[in-house]
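Chemist: model the structure of this input:
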Amino acid sequence: MANQARSLQCIVLAGGLGTRLRSVVSDLPKCMAPVAGRPFLAWVIDYWQEQGIRDFIFSLGYKHEMLTTFLEERFPLLNKQYVIEEEPMGTGGAIRLACHAALSDQVLIVNGDTLFKVQLPQLEAFHLRRQSDCTLALKPMQHPDRYGTVELDANGRILHFREKQLLAEGAVNGGVYIVERRKFLEEELPEKFSFEKDYLEKFFTARPLYGLLQDDYFIDIGIPEDFARANKELEN
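Modeler: Next up, the predicted model:
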């Protein structure tokens with residue numbers, strides 16, 4: 001069942017500045033932007049709790065005091081810990097820092113400014129069946145101009161990462177991953193790096209990296225148009 005408690009820990013990347021939202025949102029961390037009456041991060045936490053996650057690690061940076069105050073007040077009983085970047089380390093550096101604080105063999109990684117309603121039991125079973133080092137949840141999308149796309153073979157192994165281009169349709173990286181924590185920590189990577197560019201796109205030909213299509217609700221509030229759409233869709 002989706003609400004069955006799961007052993008894997010969830011790393012929530014919540015250090016984004018939200019510079020592209022400044023025209024519609026004041027000087028807030030991106031995941032704290034108000035959506036349908038509450039900070040967007042609350043929607044993200046609620047969904048993953050519904051999927052059975054009981055243990056969260058919040059990767060924080062920009063205005064982290066605002067986030068810890070919110071989380072302590074709004075989610076006082078949530079099993080949580082905080083990992084704080086003293087300076088921006090890129091998505092990869094932030095994930096690695098949080099992985100050092102984690103204990104589970106696999107970790108779920110999600111973005112605090114994206115809600116992708118992935119069916120976690122299905123994703124986790126696929127990851128374990130394929131013995132994947134990292135499994136990406138992929139969103140099929142019409143006209144995915146804003147995103148790069150990912151191509152898979154018949155077994156779901158990643159064949160190519162495609163740069164942003166005009167396409168009628170494609171599968172995009174939805175920013176939800178299951179990662180083998182120890183294997184990831186063993187990789188030789190710089191202190192500051194991009195998870196997408198310096199890990200996924202560098203290692204997919206040499207490591208078992210897989211993707212699974214999940215055609216469920218997806219919203220990334222990173223630009224004003226999608227922020228406005230989230231406010232309309234999530235209030236219903």
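Chemist: quick one, longest strand in this structure?
Modeler: Scanning the chain for the strand with the most residues, using DSSP state E, yields strand 169-180.
Chemist: tell me the gap between that strand and the middle of its chain.
Modeler: Chain-centre distance of strand 169-180: 8 Å, with C-alpha atoms, centre = their mean, to the nearest Å.
Chemist: list the buried residues in that strand.
Modeler: Of the residues in strand 169-180, Gly170, Ala171, Val172, Asn173, Gly174, Gly175, Val176, Tyr177, Ile178, Val179, Glu180 count as buried by neighbour count, 16 or more other C-beta atoms under 10 Å. C-beta: built from backbone N, CA, C; applies to glycine.
Chemist: which of those lies closest to Arg54?
Modeler: Of all the buried residues of strand 169-180, Ile178 has the smallest distance to Arg54: 16.0 Å, by C-beta to C-beta.
Chemist: quick one, what contacts the closest one?
Modeler: Contact analysis of Ile178 by C-beta atoms under 8 Å, 6 or more residues apart in numbering lists Leu8, Gln106, Val107, Leu108, Ile109, Leu123, Glu124, His127, Ser132, Cys134, Thr135.
Chemist: pretty sure Phe227 sits against Asp220.
Modeler: No - with contacts counted by C-beta atoms under 8 Å, Phe227 stays clear of Asp220, the gap being 9.3 Å.
Chemist: which residue of those two possesses the greater neighbour count?
Modeler: Relative neighbour count places Phe227 above the other of Phe227 and Asp220, with 24 against 20, counting by other C-beta atoms under 10 Å.
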